[in-house]
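K.L.:
with the input below, show me the fold.
(chains A and B)
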Amino acid sequence: MIFNLYMFNREGKCLFYKEWNRPRKAYKKPEEDQKLVYGMLFSIKSIVQKLSPKAPSHGGAPRFLGFRTDVYKLHYMETQTGLRFALLTDAAADDMHDELRHIHAHYYVDFVAKNPLQSMSDSITSDAFVNHVNKYITSLNSFK
Amino acid sequence: LFVINKAGGLIYSKDFASLPNMSANDYLRVASMFHSLHAISQNIAPIRSGGIEVLSADTFNICCFRTATNIKFLLVVEPSTLGSDTMLKGVYDRYVEYVLKNPFYEVDMPIRCELFDVELEKLVAEANAR
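P.N.:
Down below sits the predicted model:
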């Protein structure tokens, strides 16, 4: 089951948030929740850089991939431009990094990055992007 | 291996392989950060959650075992390591035996029990030999 998806830019602004399933809402405004998620991801990234016992084989800094709790899993992907994706699924889901890469390479690049009216510091307004992402996620096996 | 008390303070840390560029302060900071992140992960959870169990990066994983009394045992392992949760339960058993049953030990204070150290070394030596 896929719960929700967050996309943040380099400054921490949430560019896109969509939830498909969310039984528990612990916040009054979605902005609080988004800021919490961004802050958490930022801190986790700095812990990973600090604690890594050796340099990764791909050269460059150690990367955070995601975490799992007893009931959910968070998959994280960061692009070279500083765009951050966080996808929350249930704990049984497999690695969703390929799906995140697909969303970035096919939907984000085509409908947002190439859009001359879309500024990097605004949340995403492209309907085409929203619809494509929705269709893609709902069609995944892990969606139910 | 790190042990964090219920307030988020580091009460025990042990290295089984060297970690470059980590001073004593860094350990304290990392442990407290993990404690807060664990709490945040429970907060943002889409359904009621017990907090982070495994945090994966490409060069290592952090496995966390949380007791009913909110003490966290963290293990930093290579990604290919299996059986970290059995190992963590083993550490917890030894914690109960050598730390909690020690009449001179106060709860939530830094752990300074020799027998706990000795038993941990034995546990890790067995695990590394396998």
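K.L.:
in the chain, which spans are strands?
P.N.:
I'll assume chain A. Secondary structure of chain A by DSSP state E: the strands cover A:2-8, A:14-19, A:64-69, A:72-78, A:84-90.
K.L.:
chain B is the one I meant
P.N.:
Counting by DSSP E, the strands of chain B are B:2-4, B:10-13, B:52-57, B:61-66, B:72-77.
K.L.:
chain A: which of these is closest?
P.N.:
strand B:52-57 (4.2 Å; C-beta to the nearest C-beta). Quick note: C-beta positions are derived from backbone N, CA and C, even for glycine.
K.L.:
and residue 24, how many neighbours?
P.N.:
Since no chain was named, I'll use chain A. 12 (other C-beta atoms under 10 Å in any protein chain shown).
K.L.:
chain B is the one I meant
P.N.:
Other residues near B:A24 come to 9 when the count uses other C-beta under 10 Å.
K.L.:
what's in contact with stretch A:90-103?
P.N.:
Defining contact as C-beta atoms under 8 Å, 6 or more residues apart in numbering or on different chains, one finds that stretch A:90-103 is touched by A:1-3, A:65, A:68-73, A:75, A:77, A:85, A:87, A:89, A:133, A:136, A:140, A:142.
K.L.:
restrict these to those near chain B?
P.N.:
Among these, the ones lying near chain B by C-beta under 8 Å from any C-beta of the partner chain are A:F3, A:L65, A:R68, A:T69, A:D70, A:V71, A:Y72.
K.L.:
thought the first one was touching A:K73?
P.N.:
No - at 9.5 Å, A:F3 and A:K73 do not qualify as touching, with contact defined as C-beta atoms under 8 Å.
K.L.:
any chance of a markdown table for the strands of chain B, columns mean pLDDT?
P.N.:
Below are the strands of chain B laid out as a markdown table (pLDDT from 0 to 100):
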| stretch | mean pLDDT |
| --- | --- |
| strand B:2-4 | 90 |
| strand B:10-13 | 89 |
| strand B:52-57 | 90 |
| strand B:61-66 | 91 |
| strand B:72-77 | 90 |
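K.L.:
would you format the ones you listed as CSV with mean neighbour count and distance to chain A included?
P.N.:
Output for those, formatted as CSV (neighbours: other C-beta atoms under 10 Å in any protein chain shown; distance: least, C-beta to the nearest C-beta, whole Å):
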stretch, mean neighbour count, distance to chain A
strand B:2-4, 23, 10
strand B:10-13, 20, 12
strand B:52-57, 23, 4
strand B:61-66, 20, 7
strand B:72-77, 22, 6
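K.L.:
of all those strands, which one is nearest A:N9?
P.N.:
strand B:52-57 (22.3 Å; C-beta to C-beta).
K.L.:
in its sheet, what does that closest one sit against?
P.N.:
When pairs are called by DSSP bridges, strand B:52-57 turns out to pair with strand A:64-69 (antiparallel), strand B:61-66 (antiparallel).
K.L.:
which of the ones next to chain B among the contacts of stretch A:90-103 count as buried?
P.N.:
Buried subset of those (neighbour count, 16 or more other C-beta atoms under 10 Å in any protein chain shown): A:F3, A:L65, A:R68, A:T69, A:Y72.
K.L.:
any chance of those in CSV, plus pLDDT?
P.N.:
Shown next, in CSV, are those (pLDDT from 0 to 100):
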residue, pLDDT
A:F3, 90
A:L65, 92
A:R68, 91
A:T69, 90
A:Y72, 90
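K.L.:
farthest-apart pair in the residues you listed, please.
P.N.:
Farthest apart among those - using C-beta to C-beta - are A:F3 and A:L65, which lie 18.0 Å from each other.
K.L.:
how about the residues of chain A near chain B?
P.N.:
A:3-4, A:19, A:21-24, A:26, A:33, A:36-37, A:39-40, A:43-44, A:46-48, A:50-56, A:58, A:62-72, A:74, A:88.
K.L.:
among these, which ones are buried?
P.N.:
Judged by 16+ other C-beta under 10 Å, buried ones among the residues of chain A next to chain B: A:3-4, A:33, A:36-37, A:40, A:44, A:47-48, A:50-53, A:62-69, A:72, A:74, A:88.
K.L.:
can you list the weak-confidence ranges in chain B?
P.N.:
Counting by pLDDT under 70, the ranges of chain B that qualify are B:18, B:20-21.
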